[in-house]
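Q: What would the 3D arrangement of this be:
(one chain, ligands or ions: 2)
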Amino acid sequence: MKLGFIGCGNMASAIMGGVIRNGIFRPEEMIGADSYKTALDKVSETLGIQVTTDNRRVAEECEVLVLSVKPQFYEEVIAQIRSAVDENKIIITIAPGKTLEWLGQKFEKPVKIVRTMPNTPALVGEGITAACANVQVSEEELAYVCSILRGFGEVEVIPEHLMDVVVSVSGSSPAYVFMMIEAMADAAVADGMARAQAYRFASQAVLGSAKMVLETGKHPGELKDMVCSPGGTTIEAVRVLEEKGFRSSLFEAMKACAKKAREM
Ligand SMILES: NC(=O)C1=CN([C@@H]2O[C@H](COP(=O)(O)OP(=O)(O)OC[C@H]3O[C@@H](n4cnc5c(N)ncnc54)[C@H](O)[C@@H]3O)[C@@H](O)[C@H]2O)C=CC1
Ligand SMILES: O=C(O)[C@@H]1CCC=N1
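A: Ligands and ions are numbered 1, 2, ... in the order given. Sure thing, here's the model as predicted:
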């Protein structure tokens with residue numbers, strides 16, 4: 001087995017789907033463990049990977065092991081698997097707040113650990129993942145892990161102290177964007193558009209806008225100005241967004257998100 005997951009929930013499924021879709025590993029080379037049968041049935045039926053309720057089996061059989069349970073279960077899961085993890089295996093973590101130092105202490109011996117923060121757009125190959133590694137991981141091993149992570153989106157190796165910022169700016173931010181798309185569609189529905197059509201228009205506008213930021217290299221403010229015709233419709237919307245605290249809401253939400261990550 002090449003790649004194993006302990007925890008087969010939302011984020012693990014997004015990574016599994018991206019890895020398989022992009023041909024990084026075949027489903028036969030992947031195994032997932034979960035204590036919840038419904039989660040196992042779902043990944044087994046939709047992705048064709050092997051499944052088990054035995055976390056230790058995954059740790060014993062896999063070269064690379066993703067710990068994809070919630071942060072509060074990390075300690076318990078590490079205690080179950082640590083004697084099955086030797087110096088040849090690579091552990092990938094995806095939990096906010098769990099530092100390389102904390103993880104190293106829980107394994108109680110030198111283990112190769114790559115701490116990452118992915119996001120659910122991994123499912124459609126458009127994720128972005130931040131990664132940092134402990135001293136046990138060689139340059140080649142980190143490059144290998146990044147090649148797996150690149151299978152479902154962009155990857156950047158960053159200093160560990162930025163990991164909490166990554167949670168707010170890309171790990172959690174798809175939720176804020178989905179809320180914005182839903183609200184935009186609600187308004188379009190209120191003005192008479194069919195809901196499915198409203199989601200298509202709102203989502204494509206968000207997708208295209210993100211692409212413009214990435215591909216033109218222009219400042220987002222300049223791109224916003226290009227939409228605002230003098231005396232036109234957009235500046236009226238911008239006026240109301242400013243009045244309702246749109247930017248400030250995002251700013252404060254992201255500060256709260258990063259603070260929570262630091263505390264976990
Ligand atoms: N959902 C997201 O957008 C992102 C999540 N993450 C991180 O990914 C991790 C998983 O989060 P989600 O997938 O959202 O949660 P989830 O609740 O969808 O999945 C967690 C899975 O772990 C299973 N589980 C719980 N205890 C277990 C145990 N002792 N042994 C085996 N399986 C166990 C649960 O049954 C569940 O299926 C968390 O650490 C989270 O912070 C990171 C980035 C983005
Ligand atoms: O909500 C959470 O805690 C996880 C981490 C980043 C996205 N979801």
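
Q: Only C-alpha atoms from now on, for both contacts and neighbour counts.
A: Fine.

Q: Alpha carbons of the helix or strand containing residue 186, as CSV, please.
A: Using DSSP states H and E, residue 186 maps to helix 173-190. C-alpha atoms of helix 173-190 as CSV (Å, rounded to 0.1, in the frame of the first residue of the first chain):
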residue,chain,number,x,y,z
SER,A,173,-11.9,30.2,3.3
PRO,A,174,-13.9,27.9,0.8
ALA,A,175,-16.7,28.0,3.4
TYR,A,176,-16.8,31.8,3.2
VAL,A,177,-16.8,31.7,-0.6
PHE,A,178,-19.6,29.1,-0.6
MET,A,179,-21.6,31.4,1.7
MET,A,180,-21.0,34.3,-0.7
ILE,A,181,-22.1,32.2,-3.7
GLU,A,182,-25.2,31.1,-1.8
ALA,A,183,-26.1,34.6,-0.8
MET,A,184,-25.5,35.9,-4.4
ALA,A,185,-27.8,33.1,-5.7
ASP,A,186,-30.5,33.9,-3.2
ALA,A,187,-30.5,37.5,-4.4
ALA,A,188,-30.7,36.4,-8.0
VAL,A,189,-33.6,34.0,-7.1
ALA,A,190,-35.3,36.9,-5.3
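
Q: Model confidence for residue 151, exactly?
A: Residue 151 carries a pLDDT value of 87.

Q: before we move on, what about residue 48?
A: Note on residue 48: pLDDT of 95.

Q: next helix or strand past whichever strand or helix holds residue 210?
A: If you go by DSSP H and E, residue 210 is part of helix 195-216. The helix or strand immediately downstream of helix 195-216 is helix 220-227, counting by DSSP H and E.

Q: gap between that next one and the chain center?
A: 28 Å (C-alpha atoms, centre = their mean, to the nearest Å).

Q: Could I get the buried residue list for the helix or strand immediately after that helix in the chain?
A: Next in sequence after helix 220-227, counting helices and strands by DSSP H and E, comes helix 233-243. Buried residues in helix 233-243, counted by 16 or more other C-alpha atoms under 10 Å: residue 235.
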